[in-house]
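Q: got a structure for you, letters missing:
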């Protein structure tokens, strides 16, 4: 594949001086004035230097014919002056790009051909621009311009040029990533890293530099969708966005929040109960009391079980159960320990019962007060229908708690 830049017919402008060789791979002759402009696409490619096609012998510059004098009383029209100035500037940019490419300054050649293409959007200029972009490492823009060049009508490009452009495009695509973005709603704005690239549907893949990128798809009346992607060289990443599904999900969430009596992001407890500092302190105090009572009940129960175990051990060493009759005036040490263990067990069980009763009462107060705060803020429930009534019953060796409420 030849690395040569475009060879086009001579402009109506002077050729380079005789004996000046064209740049290697660059067409020294600018495109014809009447050449058909190419149509646009996007992206980039890896540089590839191949054998260079022989450049045609430079033509000898000949003096441009002198313009005919204007008729008396008539001035040259401004559009012609402007057109002539653009042609001259484009010609100078063309030769500057050729010289820079010949000197190996591909970045300067790229800038010159890019500016030249703005003034003279011809396929020859676009081809030279894409070659300079590949040589200077601007693969994304090179691929986009090659795609633009290949979109020309079949008869506008010679088969050899089209084959060369396809080969260069494949090289460019191997160095960059591609995004295939699909959106279910037409007219959605698509932006990548904060830059709008178009609206859905996108006709083709979007070329992108390898690395991390943020994609945002948005349209009025729909929630915006944001995606984070990591593009890889030579890989096409499909991205499918359903804005209609997002809108339905958002509507369902809003409906659910409405049924729950709270808006999204708003605390239901804070909105409905309005618990202040005083009630909070009371709830914490009763809750702490309940916890301490429960801990005391458990502790004394374990202690009573320990005394029972000690008493059983002592009983096994006694010759008979009547040996430790409390009426006996003289008691052995084991008898005294046995009687004390039994008494301690009874005392600890009584203390444990008190602890469990306290736990029940404190828990009932905490739960009842919390429910009362909740019901008191619910305006939909009549005051006469609301209420929580705790009941505590204590018997010999037993304790129970009951909680009745109307909601």
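A: Cool, the structure landed. Everything numeric here is computed off the predicted structure, so don't read it as measured data.

Q: just so I have it, where are all the helices in the stretch 301-407 of the chain?
A: 333-376 (DSSP state H, counting those that start in this stretch).

Q: Any regions of it where pLDDT drops low?
A: 318-332, 375-407 (pLDDT under 70).

Q: can we see that at 80?
A: 307, 310-338, 340-341, 355, 368-407 (pLDDT under 80).

Q: Would you mind giving the secondary structure of residue 230?
A: Using DSSP: H, G, I helix; E, B strand; the rest coil, the structure places residue 230 in strand.

Q: which residues sit in contact with it?
A: Counting by C-beta atoms under 8 Å, 6 or more residues apart in numbering, residue 230 touches 211, 212, 213. Where you see a C-beta, it was placed from the backbone N, CA and C, and this is true even at glycine.

Q: quick one: pLDDT of residue 53?
A: For residue 53, the pLDDT comes out at 36.

Q: before we move on, the earlier item: got a markdown table for the contacts of residue 230, with distance to residue 283 and secondary structure too?
A: As requested, those are exported to a markdown table (distance: C-beta to C-beta, whole Å; DSSP: H, G, I helix; E, B strand; the rest coil):
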| residue | distance to residue 283 | secondary structure |
| --- | --- | --- |
| 211 | 53 | strand |
| 212 | 48 | strand |
| 213 | 50 | strand |
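
Q: Just checking, which helix or strand of the protein averages the lowest pLDDT?
A: helix 268-272 (a mean of 46; mean pLDDT, DSSP states H and E).

Q: before we move on, the earlier item: tell me the buried residues within the contacts of residue 230.
A: Neighbour counting by 16 or more other C-beta atoms under 10 Å classes residue 213 among those as buried.

Q: From the contacts of residue 230, pick the one nearest residue 307.
A: Among the contacts of residue 230, residue 212 lies closest to residue 307 (C-beta to C-beta), at 70.1 Å.

Q: Which residue comes closest to the closest one once chain neighbours are left out?
A: The shortest distance from residue 212 to any non-neighbouring residue, by C-beta to C-beta, 6 or more residues apart in numbering, is to residue 230 (5.3 Å).

Q: For the stretch 1-150 of the chain, which residues score under the pLDDT cut-off?
A: 1-83.

Q: which residues of this structure fall in helices?
A: 78-102, 106-119, 123-135, 139-150, 159-173, 243-259, 268-272, 277-317, 333-376 (DSSP state H).

Q: roughly how far apart are residue 174 and residue 131?
A: Distance of residue 174 to residue 131, given as C-beta to C-beta, to the nearest Å: 17 Å.

Q: now residue 346
A: 104 Å.

Q: Between the two, which has more neighbouring residues?
A: residue 131 (31 against 13; other C-beta atoms under 10 Å).

Q: Show me the domain layout of the chain.
A: Annotated domains of the chain cover 1-52+79-174, 177-243, 272-406 [automatic domain parsing].

Q: Compute the first-to-last residue distance for the shortest one.
A: The first residue of domain 177-243 is 25 Å away from its last residue (C-alpha to C-alpha, to the nearest Å).

Q: what's the average pLDDT for that domain?
A: Across domain 177-243, pLDDT averages out at 93.

Q: which residues touch the nearest residue to residue 201 once chain neighbours are set aside?
A: The shortest distance from residue 201 to any residue other than its chain neighbours is 6.3 Å, reached at residue 186 (C-beta to C-beta, 6+ apart). Contacts for residue 186 (C-beta under 8 Å, 6+ apart) come out as 199, 200, 201.

Q: Put together TSV for those, with neighbour count and distance to residue 221 on each row.
A: Formatted as TSV, these follow (neighbours: other C-beta atoms under 10 Å; distance: C-beta to C-beta, whole Å):
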residue	neighbour count	distance to residue 221
199	14	15
200	18	14
201	14	18
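
Q: So which of those residues belong to strands?
A: residue 199 (DSSP state E).

Q: between the contacts of residue 186, which is nearest residue 103?
A: For these, the nearest to residue 103 is residue 199 (42.5 Å; C-beta to C-beta).

Q: Could you check how many residues crowd around residue 358?
A: 18.

Q: Now do the contacts for it.
A: Here residue 358 is in contact with 289, 290, 292, 293, 296, 297 (C-beta under 8 Å, 6+ apart).

Q: could you redo the last one with a cut-off of 7 Å?
A: residue 293 (C-beta atoms under 7 Å, 6 or more residues apart in numbering).

Q: mind checking how far it is from residue 300?
A: Using C-beta to C-beta, residue 358 is found at 12 Å from residue 300.

Q: follow-up on the earlier one: need phi/psi at the residue nearest to residue 201.
A: When read as degrees, to the nearest 10, the backbone of residue 186 gives phi -70, psi 150.

Q: From residue 135, how far out is it?
A: Applying C-beta to C-beta, the value for residue 186 to residue 135 is 39 Å.

Q: likewise residue 192?
A: For residue 192, the distance to residue 135 - C-beta to C-beta - is 26 Å.

Q: For residue 248, grab the count of nearby residues.
A: Neighbour tally, residue 248, other C-beta under 10 Å: 11.

Q: cool, residue 203 as well?
A: 6.

Q: same deal with residue 190?
A: Around residue 190 there are 23 residues (other C-beta under 10 Å).

Q: Please report the distance of residue 238 from residue 351.
A: Distance from residue 238 to residue 351, counting by C-beta to C-beta: 72 Å.

Q: Between those two, tell me which one has more neighbours.
A: residue 351 (17 against 10).

Q: Nearest residue to the more buried one in space, please, no chain neighbours.
A: Nearest to residue 351 is residue 300, by C-beta to C-beta, 6+ apart, at 4.1 Å.

Q: So residue 317 sits against residue 334, correct?
A: Yes: Residue 317 lies in contact with residue 334 (C-beta atoms under 7 Å); the separation is 6.2 Å.

Q: Who has more neighbours out of the two?
A: residue 334 (15 against 8).

Q: For stretch 216-225, measure first residue to last.
A: Stretch 216-225 end-to-end distance (C-alpha to C-alpha) = 6 Å.
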